[in-house]
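[1] please work out how this folds:
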Amino acid sequence: MTLAEYSHAPQAGGAQDRGTPAVIQGGMGVGVSGWQLARAVAQTGQLGVVSGTALDATLARRLQLGDPGGDLRRALAHFPDRAAAERIVARYFVAGGVDPIRPFRPVPRLGLRPSQARTELIAAANFAEVFLAREGHGGVVGINYLEKIQMGTPAAIYGAMLAGVDYVLMGAGIPAHIPALLRALAAHEATELPVSVDGGAAGQHRVSLDPASLTNSQPPPVTRPRFLAIVSSAVLAGYLCRSDATRPDGFVLETPVAGGHSAPPRGRLRLDEAGEPVYGPRDAIDSHQIAGHGLPFWLAGGYSTPEQVRAARSAGAAGVQAGTPFALCRESGIDPRLKNRLLHQAAAGTLTVRNSAHASPARFPFKTAELPGTLTDPDIYAARPRLCDLGYLRVPYLRPDSGVGYRCPAESETEYTRKGGSEQDTHGRRCLCNALLATIGLGQRRADGRTEPPLVTLGQDLRCLSGLLHRYGGDYSAADVISYLLDG
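    Got it, this is the predicted structure:
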């Protein structure tokens, strides 16, 4: 079936109800919060969220697996730049799927130097994910990004906007430039986003996007999505509210027990006996101070039971953002074999989630579920050769010749130190890019026969899982999670 034939399929339904949701389903990457999960949540009337992390790689690899059901090609058939969509399908689609022992074809890595192929792939991948999440219903859909991954952000957000995304959420940094970026892209204006470069002056380096390069003709109408900043302190919220240029439309207030990346403790970093960061009173979020800005806010990180939802709303929150209960539901993108192992551990009360101060190359604390056969296993970690071939978390740095290079503390220690990095920064770092793709069944196959090992991230408050398993059993759905959270 050609893209032209797919383009006659029904298009995504527009959101009819843009009211304030009581539940935001967390945007868990890579691909855990895929379009299937976000659509299932949106159909209940709550905010379904897709993860915007590494969507170019997930699109390319799923096309190489043959795109079972044709969903991605159906979505790409509606991408405004039909020629770009055709190029992407021609480059990556493999009818029937690539040989199981053959490595996936790589995608262009993020960088400051312009690349039309990279821009097209990022925009089209974000478009397809949102298109599919919004298809066939009138609910609201959002997309979640990491501020730390800056170089692909303009193309990613514009692609999501072309598909009609209702909300953009962003954490893991200070997203001060996103409100202005959204306004410019809603007007189809060429825009720039500053990129942090180690050793470079603030604002010296930028990535740019001209929306005309992705539409080829009269651009379709788009609406500026609402922007929710994910923050962990009232100080940061106040900073973002200092002017209309940086002011978001609301906040997600995230505590340190939330899954994935979290903010480090304020002040000097201290570790407990298990090697986890120690948080104290300075890290508590003053929700009353947040409420003073007059914006809606949602509480996240340990707000995944009916009692906690009621407590959050009684405290003035619009609702909660929850990730962990959705991560293990039927529609989650986690490989079913991994998911079943995690659910069995949760049912037995043996599931443990650590907050590692050193696992992530992004240098934020990162939660890892302790599971044999994954990168939390010391033997698996030690046996994996260190390399960085995806590069989403690599950092631009200023070279002695004033050019810009890229380095990642999860790459080879020799390579990292050759590029001016500190050898100490490499200790304990996990390659999250490859591991998280493996977690959703898209791990790279290596020439020596190895497949990349996975790594699972969950929140540290697991009380919700016992309640869900007791009520619905081990194959509970996203709709079951919503019913559970809003019980009473």
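[2] now the strands: where do they sit in the chain?
    With strands called from DSSP state E, the chain shows them at 23-25, 48-51, 141-146, 167-171, 191-194, 206-209, 226-231, 250-254, 297-300, 319-322, 353-356, 366-369, 395-398, 404-407.
[3] which non-adjacent residue is nearest Glu452?
    What sits nearest to Glu452 in space, not counting adjacent residues and going by C-beta to C-beta, 6 or more residues apart in numbering, is Gly443, at 3.8 Å. In this view, the C-beta of every residue, glycine as well, is placed from N, C-alpha and C.
[4] looking at the strands of the chain, which is nearest to Leu436?
    Among the strands of the chain, strand 48-51 comes nearest to Leu436, with 9.5 Å by C-beta to C-beta.
[5] now render the strands of the chain as CSV, adding mean neighbour count, mean pLDDT and distance to Ile157.
    Shown next, in CSV, are the strands of the chain (neighbours: other C-beta atoms under 10 Å; pLDDT from 0 to 100; distance: least, C-beta to C-beta, whole Å):
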stretch, mean neighbour count, mean pLDDT, distance to Ile157
strand 23-25, 28, 97, 18
strand 48-51, 31, 98, 13
strand 141-146, 28, 97, 7
strand 167-171, 27, 96, 6
strand 191-194, 18, 95, 9
strand 206-209, 18, 95, 9
strand 226-231, 26, 96, 10
strand 250-254, 26, 96, 17
strand 297-300, 27, 96, 21
strand 319-322, 28, 97, 19
strand 353-356, 20, 95, 29
strand 366-369, 24, 95, 24
strand 395-398, 19, 95, 20
strand 404-407, 19, 96, 22
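[6] want to throw those into CSV with distance to Pro378?
    Shown next, in CSV, are the strands of the chain (distance: least, C-beta to C-beta, whole Å):
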stretch, distance to Pro378
strand 23-25, 33
strand 48-51, 28
strand 141-146, 27
strand 167-171, 29
strand 191-194, 39
strand 206-209, 38
strand 226-231, 32
strand 250-254, 29
strand 297-300, 31
strand 319-322, 31
strand 353-356, 13
strand 366-369, 12
strand 395-398, 26
strand 404-407, 25
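[7] those: which one's closest to His427?
    In terms of C-beta to C-beta, the element of the strands of the chain nearest to His427 is strand 353-356, at 11.5 Å.
[8] which elements pack onto the closest one?
    strand 366-369 (3 or more C-beta pairs under 8 Å, 6 or more residues apart in numbering; DSSP states H and E).
[9] pull the residues that contact the strand it packs on.
    258-262, 342, 351-356, 359-360, 374-376, 430, 432, 455-460 (C-beta atoms under 8 Å, 6 or more residues apart in numbering).
[10] now that strand - C-alpha only, CSV.
    C-alpha atoms of strand 366-369 as CSV (Å, rounded to 0.1, in the frame of the first residue of the first chain):
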residue,chain,number,x,y,z
PHE,A,366,17.8,8.6,37.5
LYS,A,367,15.5,5.8,38.8
THR,A,368,16.3,2.2,37.8
ALA,A,369,14.3,-1.0,38.6
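[11] what's the first-to-last distance across stretch 186-206?
    End-to-end distance for stretch 186-206, by C-alpha to C-alpha, to the nearest Å: 20 Å.
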